[in-house]
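> Structure here, sequence nowhere to be found:
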């Protein structure tokens, strides 16, 4: 798989019936190794090992209902009261991060109302913090470490 703009890490990869699968550390099962999943597993490693995010407060493929339609958030971070705090949306490395990607994660946030949104294709990462009081958001220069989250 492609080298990413994330710290290197080791993964458990198996081949079953000619297809590659990667161990999802959060769902605790092997999942199809797609380019997007490659980004997800690296990003989860980055959040837990480099930024101090507790794995027990992260969940992959979180189902929500938006306008009567079931959608799945790629990763959601919860606080210790299990209130959603962050949504992370992943794209394959060859997928450009466009306004449409931000529109997608913003729609998900209409349901969860988190403080932080992250979009990553493994090469470029964008994080913004939402201030619901002022109705504004700002892009951050880096992904915040877990202790920095307010």
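Arrived safely. Predicted model only: the values in this text are computed from it and were never measured.
> What separation do you get for the spatially most central residue of the chain and residue 134?
A centroid search over the chain (CA atoms, centre = their mean) returns residue 88, at 2.8 Å, as the residue closest to the centre. Using CB to CB, to the nearest Å, residue 88 is found at 23 Å from residue 134. Where C-beta positions appear, they are placed from N, C-alpha and C, glycine not excepted.
> rewinding a little: help me confirm that the residue nearest to the centre of the chain is found in a strand?
Yes: counting by DSSP: H, G, I helix; E, B strand; the rest coil, residue 88 is found in a strand.
> Use 45 as the first number for this chain going forward.
Sure thing, new numbering starts at 45, so read that last one as residue 132.
> Show the contacting residues for it.
Counting by CB atoms under 8 Å, 6 or more residues apart in numbering, residue 132 touches 87, 91, 117, 118, 119, 120, 121, 162, 163, 164.
> again with residue 46
79, 82, 137, 166.
> what does whichever helix in the chain runs longest rub up against?
If you go by DSSP state H, the chain has its longest helix at helix 143-156. Helix 143-156 is contacted from outside by 108-110, 115, 117, 120, 128, 131, 133, 135, 139, 161, 163, 170, 174, using CB under 8 Å, 6+ apart.
> Same list (the contacts of residue 46) but as TSV, adding secondary structure, pLDDT and distance to residue 52.
Converted to TSV, the contacts of residue 46 look like this (DSSP: H, G, I helix; E, B strand; the rest coil; pLDDT from 0 to 100; distance: CB to CB, whole Å):
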residue	secondary structure	pLDDT	distance to residue 52
79	helix	96	17
82	helix	96	12
137	coil	96	15
166	coil	96	12
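> Reformat the residues you listed into CSV and put neighbour count and distance to residue 70 next to each item.
Shown next, in CSV, are the contacts of residue 46 (neighbours: other CB atoms under 10 Å; distance: CB to CB, whole Å):
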residue, neighbour count, distance to residue 70
79, 17, 19
82, 21, 15
137, 19, 21
166, 25, 17
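> now, which of the contacts of residue 132 sits nearest residue 50?
Closest approach between the contacts of residue 132 and residue 50, by CB to CB: residue 87, at 6.3 Å.
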